[in-house]
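Trainee: here's my sequence, what's the structure:
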Amino acid sequence: MDLTFTEEEEAFRQEVRAWIPSAMPDAMREKARGAGGFTPEDSATWHRVLYEKGWIAPHWPEELGGTGWDAARRFLFAEAVELGEAAGRRSGEYSGGMQRRLNIALALIHDPEIVILDEPEAGLDPQS
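Mentor: You can find the predicted model right below:
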């Protein structure tokens, strides 16, 4: 399976990564850096920002008000939105809570039959 992206797709990745911090309200940007969890109001604000950009429905076809993006663009968009400023950083630079989340994700990524977690919520911020 070839997981490389075209030059156009890489340009899209850079566009999204540059746009997110410029479009995100300051208070939300601080929360995204780990200063606190998002509220329902934050979610509504972010959805309005995405709507204004035309990116509110990345999985929908254009004729229904979506972006019409192919699978690669949807992946790149999700990657940037989910990782935010963590994209491109070494995992050792993450906060303690983010490192614990990463450890849990790594434990689950191969769909094991059983996972034994010792105090899995220790150090996590359940609100975020």
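Trainee: ok, how many other residues are close to Gly97?
Mentor: Neighbouring residues of Gly97 were enumerated by other C-beta atoms under 10 Å; the total is 15. For the C-beta atoms, the positions are set from N, CA and C on the backbone; glycine is no exception.
Trainee: so which helix or strand takes in it?
Mentor: For Gly97, the enclosing helix or strand under DSSP states H and E is helix 96-108.
Trainee: so how far is that helix from its chain's centroid?
Mentor: 15 Å (C-alpha atoms, centre = their mean, to the nearest Å).
Trainee: likewise for stretch 5-15?
Mentor: 17 Å.
Trainee: and for it, what's in contact with it?
Mentor: Applying C-beta atoms under 8 Å, 6 or more residues apart in numbering, the external contacts of stretch 5-15 come out as 72-73, 76, 79-80.
Trainee: with stretch 52-70 instead?
Mentor: Outside of stretch 52-70, the residues within contact range by C-beta under 8 Å, 6+ apart are 19, 23, 47, 50, 73-74, 77-78.
Trainee: in those, which residue is surrounded by the most others?
Mentor: Phe77 (21 neighbours).
Trainee: contacts only, for that one.
Mentor: Applying C-beta under 8 Å, 6+ apart, one finds that Phe77 lies in contact with 16, 55, 58, 69.
Trainee: what helix or strand is it on?
Mentor: For Phe77, the element it lies in under DSSP H and E is helix 71-83.
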